[in-house]
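Asker: following is a predicted model, sequence given first.
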Amino acid sequence: MKKIFANKYSFFVLAVLLFWAKSYAAYKMDFNLGVKGSFQEGLLLLNPFSSAIVFLGLALFLKGRKSAIVLIVIDFIMTALLYANVAYYRFFDDFLTFSTMKQAGNLGGGMTGGVLSSIKPHDLLYFLDIIILIAIVIWRPEVKKFQMKKTFALLIVAAGVGLFFVNLHLAEKDRPELLTRTFDHKYVVKYLGVYNYTIYDGVQSAQNATQVANASSEDLTDVVNYTASHYAKPNAEYFGKAKGKNIIKIHLESFQSFLIDYKLNGEEVTPFLNKLAHGKEDFTYFDNFFHQTGQGKTADAELMMDNSMFGLPEGAAFVTKGENTYQSLPAILDQKAGYTSAVLHGDYKSFWNRDTIYKHMGYDQFFDASYYNMDEENLVNMGLKDKPFFKESIPMLESMKKPFYAHLMTLTNHYPFNLDEKDATIAKATTGDKTVDNYFQTARYLDESLEQFFKDLKKSGMYKDSVILLYGDHNGISENHNRAMSEIQGKEITPYQNAQNQRVPLMIRIPGKQGGVNHTYGGEVDVMPTLLHLQGIDSNEYVNFGTDLFSKKHDQTVAFRNGNYVTPKYTLVDNTVYDTKTGKVVKQNKKTEAIKARVDNQLSLSDKVLYRDLLRFHKLSDFKPVNPSDYFYGKSKDKEEDSSAK
């Protein structure tokens, strides 16, 4: 043992191994990272090594006593970061970000007590390696005297950097676009580790801070001028017709409009939604409604539906712009019409940074997975199955103060569209493409869950006094499955046809109004001004990039996130213009070029608002900016309030 600890080589190797061990222990004991399969487990084993080698390796450039002391100091700093994440995760089910570190002062009262109460006896093990290293330095003076050549130290650090890129390459194979789409903090930690996650978050924070810091109120002028000129006056027939009614908005995960009235082997895939699309229950069905999402997919859809602005060209604004100032639908409904609001979702609150951005949007409550029965038999794909989700959501809706705005998010019809055999009531398709073949079973399951939910809503008495809105968030079948889709649709999936396939359903039931099919072209940015006008709230004073779908002046140009567009007359895909009705290529002209210029301007201005956080400069006399510290999502607060009431 004396020989083993007699030089810096063995001292450094031991430090790296001990540091790796406690990092891996944290992954397994204190973090719920959702590791699946041997490949992900291997990455989990690998990722602490690169950080340990690089950061501890910096001490090797020093000599003698300084080197050993600096190594221990670096180890302590990284251990403190690890343990801070452990303590934070136990209470908030998420990882620290630079923005949350800045807001540490907000952890007052019960939350501080909650964090402290999460300390466990085994936490001492996180600091055990530091004690061991200090003991070696004290008892083995040889370590203090050892000096390593700087070229060799450089090779060690370079090896650590190389190991990181190997780790990143393997991670991207298992989770493409890991760093550009940023699904969840947990994904980055699972694939790259806590320390690399912290660096990544720091880079993002710096980039965001630079853009925000350089912004001024003058940057908002072009935006306000555009939205004022783009405004569509409400239709008097619909304006205020849903005033004071509950709003129940239902998110149909990955549901595309081609499923409506589609028959697989002679059998309707979605018989209940088909009836709604044909006017049953007085639903208005917009059959030319398109999703407009980018990399953020579901998160982009949520952003557009509640804020009437586009997602970002890269990544998800829900994550990178989660702490912006917003003038969102739940906050406006609260301040202008006395609505309470909630999101109901069978997944955990940190996914897509929802527990942060919902507070900035003014949602009063967030009923996430912690409120539902998440036993194994109730789970599939991304979380809770739709049938138990809807069933358990009824009492939560009943608990809300009326009038309310509730956003319910389904999950079962999510890629890869797996479904337990006992839940399947229609045969799979037979194209040979597993994704496409499975899609019809999960869509049928969603359809059945909706039918039962409507029955339960009626039984509860909430149905008759509620606006009910159903929408598809984004496409479920990508271009990678064109061969199978051409078999399903009986036509070639050309670039034109792929654009047409981006239709998703939008169905709205307005109490007292007759339903039917509405052929107006529109997209997700148009929903917020539509709902505001139904409540009798004029959208003109707010920054909206969409227009009221019922307005006679509604803009029927649907902009896609990549700059393509669809109108009733023209469809632009990758600089080729098609006739929307026939699909034939048409020559570009002044009209198509003017549409393209408007689309580019619309997207650019929306990006400007998000990147520079411009709504903080938009002062309104009758709207108070949302204070996120007024909101808390978690059962612990419920318990505290119950205790104080007693």
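Answerer: That came in fine, so what should we check first?

Asker: look up phi and psi at Y339.
Answerer: phi -80, psi 140 (degrees, to the nearest 10).

Asker: secondary structure element for the residue lying closest to it once chain neighbours are set aside?
Answerer: Nearest in space to Y339, with sequence neighbours left out and distances taken as Cβ to Cβ, 6 or more residues apart in numbering, is L333 at 3.8 Å. All C-beta spots, glycine's among them, are computed from the backbone N, C-alpha and C. Using DSSP states H and E, L333 falls within helix 329-337.

Asker: may I have that helix exported as CSV, CA atoms only?
Answerer: Coordinates of the C-alpha atoms in helix 329-337 are reproduced here as CSV (Å, rounded to 0.1, in the frame of the first residue of the first chain):
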residue,chain,number,x,y,z
LEU,A,329,-53.7,32.9,-22.2
PRO,A,330,-54.0,31.6,-18.5
ALA,A,331,-52.7,34.9,-17.1
ILE,A,332,-54.9,37.1,-19.4
LEU,A,333,-58.0,35.0,-18.6
ASP,A,334,-57.2,35.3,-14.9
GLN,A,335,-56.7,39.1,-14.9
LYS,A,336,-59.5,39.9,-17.4
ALA,A,337,-62.2,37.4,-16.6
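
Asker: just checking, what packs against that helix?
Answerer: Where contact means 3 or more Cβ pairs under 8 Å, 6 or more residues apart in numbering; DSSP states H and E, helix 329-337 is packed against helix 298-307, strand 340-345, helix 354-361, strand 404-409, helix 527-534.

Asker: what do you get if the cut-off is 10 Å, keeping everything else the same?
Answerer: strand 246-252, helix 298-307, strand 340-345, helix 354-361, strand 404-409, helix 527-534 (3 or more Cβ pairs under 10 Å, 6 or more residues apart in numbering; DSSP states H and E).

Asker: so which of those is nearest N235?
Answerer: helix 527-534 (7.5 Å; Cβ to Cβ).

Asker: that older thread, pLDDT wise, what is the residue nearest to Y339 at?
Answerer: L333 is assigned a pLDDT of 98 by the prediction.

Asker: for it, list the residues it contacts.
Answerer: Listed by Cβ atoms under 10 Å, 6 or more residues apart in numbering, the contact partners of L333 are I247, Y339, T340, S341, G362, P403, F404, Y405, L531, L532, Q535, I537.

Asker: 7 Å instead?
Answerer: For L333, the contacting residues are Y339, S341, Y405, Q535, by Cβ atoms under 7 Å, 6 or more residues apart in numbering.

Asker: roughly how far does it sit from Y405?
Answerer: Here the criterion is Cβ to Cβ, to the nearest Å. By it, L333 lies 5 Å from Y405.

Asker: pLDDT weak spots in the chain?
Answerer: 1-8, 91-93, 99-100, 102-118, 141-147, 181-184, 635-646 (pLDDT under 70).

Asker: where do the domain boundaries of it fall?
Answerer: As given by automatic domain parsing, the domain ranges for the chain are 8-212, 219-641.

Asker: just name the most buried of those domains.
Answerer: Of all the domains of the chain, domain 219-641 has the most neighbours on average by mean count of other Cβ atoms under 10 Å, namely a mean of 19.

Asker: just how off-centre is that domain within its chain?
Answerer: 13 Å (Cα atoms, centre = their mean, to the nearest Å).

Asker: ok, back up a step: now the helix holding L333 against strand 246-252, angle please.
Answerer: Angle, helix 329-337 to strand 246-252, by axes from the mean of the first three to the mean of the last three Cα atoms, to 10 degrees: 170 degrees.

Asker: relative to helix 354-361, how tilted is helix 329-337?
Answerer: Going by the same axes, to 10 degrees, helix 329-337 makes 30 degrees with helix 354-361.

Asker: remind me what the longest helix along the chain packs against, helices and strands.
Answerer: When the chain is scanned for its longest helix (criterion: DSSP state H), the result is helix 64-92. Counting contacts by 3 or more Cβ pairs under 7 Å, 6 or more residues apart in numbering; DSSP states H and E, helix 64-92 is packed against helix 8-29, helix 37-57, helix 110-117, helix 128-139, helix 142-145, helix 194-213.

Asker: contacts for the last one?
Answerer: It stands for helix 194-213. Contacts of helix 194-213 (Cβ under 7 Å, 6+ apart): 23, 51, 78, 81-82, 85, 95, 97-99, 164, 179, 185, 188-189, 320, 611-613.

Asker: and the first one, by the same measure?
Answerer: The list of residues contacting helix 8-29 from outside it, by Cβ under 7 Å, 6+ apart, reads 4-5, 33, 44-45, 48-49, 52-53, 56, 60, 67, 71, 75, 82, 86, 125-126, 129, 132-133, 136, 143, 146, 148, 193-194.

Asker: pull the distance from it to the chain's centre.
Answerer: Using Cα atoms, centre = their mean, the offset of helix 8-29 from its chain centre is 33 Å.

Asker: also the second one?
Answerer: Averaging C-alpha positions (Cα atoms, centre = their mean) puts helix 37-57 26 Å from its chain's average.

Asker: who touches that helix?
Answerer: With contacts defined as Cβ under 7 Å, 6+ apart, helix 37-57 is touched by 12, 15-16, 19-20, 23-24, 27, 35, 71, 74-75, 78, 153, 156-157, 159-161, 163-164, 167, 170-171, 174, 190-193, 195-196.

Asker: what do you get if the cut-off is 6 Å, keeping everything else the same?
Answerer: Here helix 37-57 makes contact (Cβ atoms under 6 Å, 6 or more residues apart in numbering) with 15-16, 19-20, 23, 27, 35, 71, 74, 156-157, 160, 163-164, 167, 170, 174, 191-193, 195.

Asker: how about the secondary structure of the nearest residue to E479 once chain neighbours are set aside?
Answerer: Spatial nearest neighbour of E479, chain neighbours left out: N498 (5.7 Å); criterion: Cβ to Cβ, 6+ apart. Using DSSP: H, G, I helix; E, B strand; the rest coil, the structure places N498 in helix.

Asker: ok so, going back, indicate which one of the helices and strands packed on helix 329-337 is closest to F454.
Answerer: Among these, strand 246-252 comes nearest to F454, with 9.9 Å by Cβ to Cβ.

Asker: CA atoms only for stretch 79-90, dumped as CSV, please.
Answerer: Extracted in CSV, the C-alpha atoms of stretch 79-90 (Å, rounded to 0.1, in the frame of the first residue of the first chain):
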residue,chain,number,x,y,z
THR,A,79,-18.5,17.1,-5.0
ALA,A,80,-20.3,20.2,-3.7
LEU,A,81,-21.9,20.6,-7.1
LEU,A,82,-22.9,16.9,-7.1
TYR,A,83,-24.3,17.0,-3.7
ALA,A,84,-26.2,20.2,-4.3
ASN,A,85,-27.9,18.5,-7.2
VAL,A,86,-28.7,15.5,-5.1
ALA,A,87,-30.3,17.6,-2.4
TYR,A,88,-32.2,19.8,-5.0
TYR,A,89,-33.3,16.7,-6.9
ARG,A,90,-34.8,15.0,-3.9
